[in-house]
Structures are given as C-alpha cells and as structure tokens.
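Chemist: below are the sequence and a predicted model; questions follow.
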There are 2 protein chains.
Amino acid sequence: MGTVTQWKQLLLSALESNSHLKHSPYFQFATIGCNGRPSNRTVVFRGFEENSDRIQINTDCRTRKIEELKHCPFAEICWYFSDSWEQFRINGRVDVIDGSNPDPEKLQMSNGNAPFLGMRKGHLMLNVKSRLVIYSQREKSWFASSLKSRLQYLGPNPGLPCLSEQSLNELFLDPSSGPVASFCLLVLDPDQVQLSAILN
Amino acid sequence: MGTVTQWKQLLLSALESNSHLKHSPYFQFATIGCNGRPSNRTVVFRGFEENSDRIQINTDCRTRKIEELKHCPFAEICWYFSDSWEQFRINGRVDVIDGSNPDPEKLQMSNGNAPFLGMRKGHLMLNVKSRLVIYSQREKSWFASSLKSRLQYLGPNPGLPCLSEQSLNELFLDPSSGPVASFCLLVLDPDQVQLSAILN
Ligand SMILES: Cc1cc2nc3c(=O)[nH]c(=O)nc-3n(C[C@H](O)[C@H](O)[C@H](O)COP(=O)(O)O)c2cc1C
Ligand SMILES: Cc1cc2nc3c(=O)[nH]c(=O)nc-3n(C[C@H](O)[C@H](O)[C@H](O)COP(=O)(O)O)c2cc1C
C-alpha cells in the first residue's frame, strides 16, 4: 500500500508516452466464456484503485463477461502501446462490484445478531470490510465517468460501447444521482505481469 | 470456398481504411492457459488461408500458446481498428501446423495398407486431405515472411517478438531454405464473428 510497484511505474510511463493516441487507454480483456472457450473484448482503463495496483474497468451488469466471471473469476489483460511498441500482459482475479452488494450497515447489524460466530463470523467480518471500501469505489468510478458514458447504462443494448446520438438525446440523467443498477465496476488484482518491448 | 463471407469483406475494408497505421495488422489472441486462466497476447495477422476465411498467424512452437492449444483448441481474436473505431471478435477452433505433421505421401501409403477400414479409415482420409493442404500453407507462410521475421525462429528466446539487431547479425539463414523446426502456423477457423462499431 502506498509504494508503487515497478510494473505500475512502467505502465504509467507507457500511458504517458502514448497519451497523444486516443486509443492508448484501451486494452483487451480476456475471460473464459460460459461454453469454456476464450472470450476477448476491448475495454477502457479507468485508473487504479486508490493506493493500490488494482486495475479498474467500468462495465454493464448485463454484458456476458459478468456471467463469465462468476464461473471463472480470472482475466488476462493484453495492453499494447502502439507508439512505444510495449506490451503488458496482466493476469489476476477480478472482483465484480455491482449495486447488489449488501448495505454495509445492515450487514454489520445482522452480523451482531448472528446465531453462529467463530469461522462464520470471521468470514463475514472480512466481507463487510472489503465491501465497505469497494462500494465507495463504485460510486467514485461512476462520478468520474463523463455524463455521456453514464447514459450508456440506461440504454437497451448493453453490448454496444456507445449509443447513437439520437438515443442519447432521448435519455435523461440527473448528474448528481448515483450509479444506476446496471453499472458495474470490475477490479482486477494483478498477480502476474509480463512486459515485452519490441526493439526497432 | 471461393465466396467471400460478409464479415470477411467488412474486415478487409477495415484493414484497408486503417492501413496507414502500422499497428493495424495486430490483434489480441486469447487462449486458455494450462492453469485454467485466460491467456492473452498480441500477434500479427498473416492473411487468410487461400480461398477461405480461415485466419493465419505465425508463431514459435516453443511459446506457451502451443501447449495451451493442445489442452483447449479454441481461441478468440479481438481486433480493434483504432481509426475506424471498429471491433471484430472472432472465435473459433485453431489448428496448430508444425513441422511434425506426417509426410502426406507416407500417410496415404499406410492408409492403403491399413487393416481397419470403415469409420477409422474415413477419419484418417479426412486427416490426410486437410494435412496435405495445411502442410503447403506452412511453407507458403514461411516464405511470405520477411527474412528478419524468419530469423526470430532461430533465436533462443521464443517469447520475444523481435531479436536485438546484434543477435540478428550473428544469425545466418539461407533465404531459399524451408521452415525451421520451431516455425509454426496457426490457422483459426471462425465459427462466431461479432462486429461492433463506435458511433462518434
Ligand atoms: C474502443 C472500445 C471501448 C470499449 N470500452 C468498454 C468498456 O470500458 N467496458 C465495457 O464493458 N465494454 C466496452 N466496450 C465494448 C466491449 O468491447 C464489448 O463489446 C462489451 O463489453 C460486451 O462484451 P461481453 O458481452 O463479452 O461482456 C468497448 C468497445 C470498444 C470498441
Ligand atoms: C506488436 C507485437 C506483435 C507480435 N506478433 C507476434 C506474432 O505474430 N506471433 C507470435 O507468436 N508472437 C507475437 N508477439 C509476441 C506475443 O505477444 C507473445 O509475447 C509471444 O507470442 C509469447 O506468448 P505465449 O508464450 O503466451 O504463447 C508479438 C508481440 C507484439 C508486441
């Protein structure tokens, strides 16, 4: 916590040196499909979780990756920086943070009344703690997105990265209201990172 | 055979309209790692197999993807064209064509002498046919690569996309000699293609 790992530093400088390219924050996110085959799509880097090297991605609860991550919670990011010819492969477990996370206060109360303590209680306590942090990250990530991005989550087609201008104009969203139910934050906790660079 | 599928036509025009970008022939190729987790890396598009919509990739037999494809022969390509904002996701079975494919003539002979016919023979006949086509594709793909690309397969580090200039100068390869043992052709036979485009 607080210390910047070496690969994170290298990634941040790759982002910096490729920042003139509009596609530099895009990477490919591979999961395992429900049919057991690989599944691979482009997503947008939404920064690191505060004081950590966990990678954030915004997505829609209705997309396939959510179901896939329930079956196998691992993913590999392949992030190619076309100007510096560097490739980062980042593998890790993914937390899916949706709106259904139980309210932390309520959980703590029911925990206090729980008839079974011991291991069960220890496990629940841990969940309560991480949920507390995670829940606020989801809100932060929502408010950090542009209003146009947020509108995507109101549309009928979760698979499409952008709604048409026409549909966007038909939707209304109060800029101060919190994340809608379909908004989901993915947090990848890297446990293997491989960097390769092409020598030109 | 011979007819161009609609997605292939769309892909070819995306390639055309993004051809000014040096990274346009690169895509991300996801497989399932031997540990059961997703595996994802950048590779270079090496064209379609003749008269088909099967996608060719050159690789080194010593890379991890080869072992991975033995366990699970499926892959998903995610190909993002940054100038036209189009994404192609192409899922299919991958054939690994290395130098160990049995000599087609020998196979046909042993097939003629086989004590068991019926289903067994039918299955073997099918293999013989596809192997014949495939074998010559590997040679074609080898000779279609630049001499510099071919030299990569002589180097000690199969995972690196490029050798240093120094190592390249130390290697020698007769331009007329056929594929080296480590050279491997991957052929992905698409059975699911998804195209999405961002409206700007
Ligand atoms: C440039 C680009 C950026 C995208 N960014 C995201 C993103 O940040 N999050 C997301 O869920 N989908 C994003 N998409 C759409 C995904 O590629 C994919 O189509 C969608 O997430 C549905 O995938 P799934 O059903 O396999 O989960 C993006 C697509 C493109 C072309
Ligand atoms: C721009 C670029 C292009 C690449 N092209 C290829 C390629 O065509 N074939 C290949 O096997 N590896 C290619 N690589 C290297 C792969 O990304 C990867 O590092 C290597 O194949 C080893 O992966 P594996 O051990 O998971 O199989 C390329 C890397 C970059 C950055």
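Modeler: Okay, I see it. Ligands and ions are numbered 1, 2, ... in the order given.

Chemist: after the helix or strand hosting residue A:29, which helix or strand is next?
Modeler: Here residue A:29 sits within strand A:26-32, counting by DSSP states H and E. Note on strand A:26-32: by DSSP H and E, the next helix or strand toward the C-terminus is strand A:38-44.

Chemist: state the next helix or strand along the chain beyond that following strand.
Modeler: Using DSSP H and E, the helix or strand that directly follows strand A:38-44 along the chain is strand A:55-60.

Chemist: do any residues in that next one lie close to ligand 1?
Modeler: Yes. Interface with ligand 1: strand A:55-60 contributes A:57-60 (Cβ under 6 Å from any ligand atom). The C-beta positions use only the backbone N, C-alpha and C, and glycine is treated the same way.

Chemist: contact partners of the next helix or strand after that strand?
Modeler: Per DSSP H and E, the first helix or strand lying C-terminal to strand A:55-60 is helix A:64-71. Contact with helix A:64-71 is made by A:29, A:31-34, A:39, A:41, A:59, A:75, A:94, A:96, A:98, A:159, A:184, A:186, as judged by Cβ atoms under 8 Å, 6 or more residues apart in numbering or on different chains.

Chemist: go on, stretch A:43-53?
Modeler: With Cβ under 8 Å, 6+ apart as the test, stretch A:43-53 has contacts from A:1-2, A:4-5, A:7-8, A:15, A:25-29, A:54-59, A:79, A:137, A:141, A:144-145, A:185, A:187, A:190.

Chemist: near ligand 1, which residues of chain A?
Modeler: A:26, A:39, A:41-44, A:57-60, A:63-65, A:159, A:161.

Chemist: mind redoing it with 5 Å?
Modeler: A:26, A:41-44, A:59, A:63-65, A:159, A:161 (Cβ under 5 Å from any ligand atom).

Chemist: spatially, which two of the residues you listed are the most separated?
Modeler: Across the residues of chain A next to ligand 1, the longest distance by Cβ to Cβ is 18.6 Å; it joins A:26 and A:64.

Chemist: okay, these two: which has more neighbours?
Modeler: Between residue A:26 and residue A:64, residue A:26 has the larger neighbour count (other Cβ atoms under 10 Å in any protein chain shown), namely 17 against 14.

Chemist: any idea what that one is bridged to?
Modeler: On the basis of DSSP bridges, residue A:26 is bridged to residue A:44.

Chemist: with the one 4 residues further on instead?
Modeler: Each beta-bridge partner of residue A:30 is listed here, defined by DSSP bridges: residue A:40, residue A:76.

Chemist: what pLDDT does it get?
Modeler: The per-residue pLDDT reported for residue A:30 equals 98.

Chemist: cool, and the one 10 residues further on?
Modeler: Turning to residue A:40, the model gives it a pLDDT of 98.

Chemist: that one touches residue B:28, doesn't it?
Modeler: Yes. Between residue A:40 and residue B:28 there is a contact under Cβ atoms under 8 Å: 6.0 Å.

Chemist: shared neighbours, those two?
Modeler: A:28, A:30, B:40, B:77-78.

Chemist: most neighbours out of those, which is it?
Modeler: residue A:30 (32 neighbours).

Chemist: surely that residue is in contact with residue A:42?
Modeler: No. Assessed by Cβ under 8 Å, residue A:30 is found out of contact with residue A:42, at 10.9 Å.
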